[in-house]
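S.K.: Here's my sequence, what's the structure:
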Amino acid sequence: MNSLWFYACLAFTLLVSCVKHQALADGLGVDKVYHPYVQPLEQEIELRFISAEPEGEASSVQQYLLAYGQSLNEQWFAEVYLVAEKLAGDNLDLEAYELELKRQLTEQGEYSADYALLFELEKQKNEDIWEFATALIVEKEWGRWSATLNAFIVSEWGDDIDDELESKLNLQARYRYSAAIEPALELYMSQDSKALGPVCMGQLRWQKQRLNWEAGLIFGLDNETPDTTFRLLLEYEF
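M.R.: Numbers count the residues shown, from 1 in each chain. Okay, the predicted model is just below:
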């Protein structure tokens, strides 16, 4: 595999992300950008918070995700999520369960870019709604810079929803200033969500434990996307 493969995959995923479908899956357009790496013997607890503020607070939504993850071997990583949401004026309620599997396809630095596949299965708690997503993850480094691409195909089905199919694209350009601070710019694109904004992330280490953190403020680029979305992620690895 060489640089030609990287650009071929990039062109393919950009093409897939632009495919027009009849309907879209529900959910927030801004989430996080996944990286293709699996660390053997790793365990983690993840807390994710996303707050979307469209024009007018009456339609704001907050989402909380709590997860436990563990590497199964040197290539596979599994994670189980609880997903809760809070709409404006309502209480925080558990909404869904999610299982996630990541398969690292190449060793870091083995080729001109690093590759992985991501699989997600989600079930709504109180409704017969299922969602399955598959993503290609590609990451390439240029000195202190790295670019990461997540290209998703998402399918929803069940008795309480019309069958839906969508594609979406998440992109991140990151500057590795230091282990503790890495500024980045993220772009999220789907049929009903287009957003761009700055993110800062980093890692704190002590002994064999690590705390990864990310915080970003993402701005909507069209009338269908919330004006601002704040996202916060904490990962405790041990």
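
S.K.: Identify the residue nearest the residue positioned nearest the centre of the chain in space, chain neighbours excluded?
M.R.: Centroid-nearest residue in the chain: K32, 3.3 Å away (criterion: Cα atoms, centre = their mean). Excluding the flanking residues, the one nearest K32 by Cβ to Cβ, 6 or more residues apart in numbering is L233, at 5.9 Å. C-beta: built from backbone N, CA, C; applies to glycine.

S.K.: Please report how far that neighbour lies from Q124.
M.R.: L233 sits 23 Å away from Q124, going by Cβ to Cβ, to the nearest Å.

S.K.: how about the strands in the protein?
M.R.: 43-53, 61-71, 76-87, 93-104, 114-124, 130-142, 145-157, 164-175, 182-190, 193-206, 209-220, 228-237 (DSSP state E).

S.K.: Select, out of the ones you listed, the one closest to P36.
M.R.: Among those, strand 114-124 comes nearest to P36, with 3.3 Å by Cβ to Cβ.

S.K.: neighbouring contacts of that closest one?
M.R.: The set of residues external to strand 114-124 that reach it, using Cβ atoms under 8 Å, 6 or more residues apart in numbering, is 9, 34-38, 83, 95-108, 129-140, 150, 158, 160.

S.K.: Any chance of a PyMOL selection covering the buried ones in these?
M.R.: Remark: buried members of the contacts of strand 114-124, expressed as a PyMOL selection using 16 or more other Cβ atoms under 10 Å:
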select buried, resi 9+34+35+36+37+38+83+95+96+98+100+102+103+104+105+106+129+130+131+133+135+136+137+138+139+140+150
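
S.K.: what's around V30, how many residues?
M.R.: 27 (other Cβ atoms under 10 Å).

S.K.: And for it, nearest residue in space, chain neighbours not counted?
M.R.: Counting by Cβ to Cβ, 6+ apart, T229 is the residue found nearest to V30 once chain neighbours are left out, at 4.2 Å.

S.K.: And that neighbour, how close does it get to T106?
M.R.: Computed with Cβ to Cβ, the distance linking T229 and T106 is 32 Å.

S.K.: distance of the residue nearest to V30 from P183?
M.R.: Using Cβ to Cβ, which is the criterion applied here, T229 is 18 Å from P183.

S.K.: which of these two has more neighbours?
M.R.: Neighbours were counted for T229 and for P183 using other Cβ under 10 Å; T229 has more, 26 against 14.

S.K.: Tell me what that one is bridged to.
M.R.: A52, I218 (DSSP bridges).

S.K.: now L47
M.R.: When bridges are called by DSSP bridges, L47 pairs up with L66, L234.

S.K.: right, and it touches Q63 too?
M.R.: No: shown here, L47 and Q63 do not form a contact pair, counting by Cβ atoms under 8 Å, at 11.7 Å.

S.K.: Who has more neighbours out of the two?
M.R.: Set side by side, L47 and Q63 show more neighbours around Q63, with 22 against 13, by other Cβ under 10 Å.

S.K.: I'd like the distance between the nearest residue to that one once chain neighbours are set aside and D114.
M.R.: The shortest distance from Q63 to any residue that is not its chain neighbour, by Cβ to Cβ, 6+ apart, is 4.5 Å, and that residue is I50. I50 sits 26 Å away from D114, going by Cβ to Cβ.

S.K.: List the buried residues of stretch 167-187.
M.R.: S167, K168, L169, N170, L171, Q172, R174, E182, A184, E186, L187.

S.K.: What of stretch 104-120?
M.R.: Along stretch 104-120, these residues count as buried under the neighbour rule (16+ other Cβ under 10 Å): Q104, L105, T106, Y111, A113, D114, Y115, A116, L118, E120.

S.K.: Of those residues, which one scores lowest on pLDDT?
M.R.: By predicted confidence, the buried residues of stretch 104-120 are weakest at Y111, whose pLDDT stands at 94.
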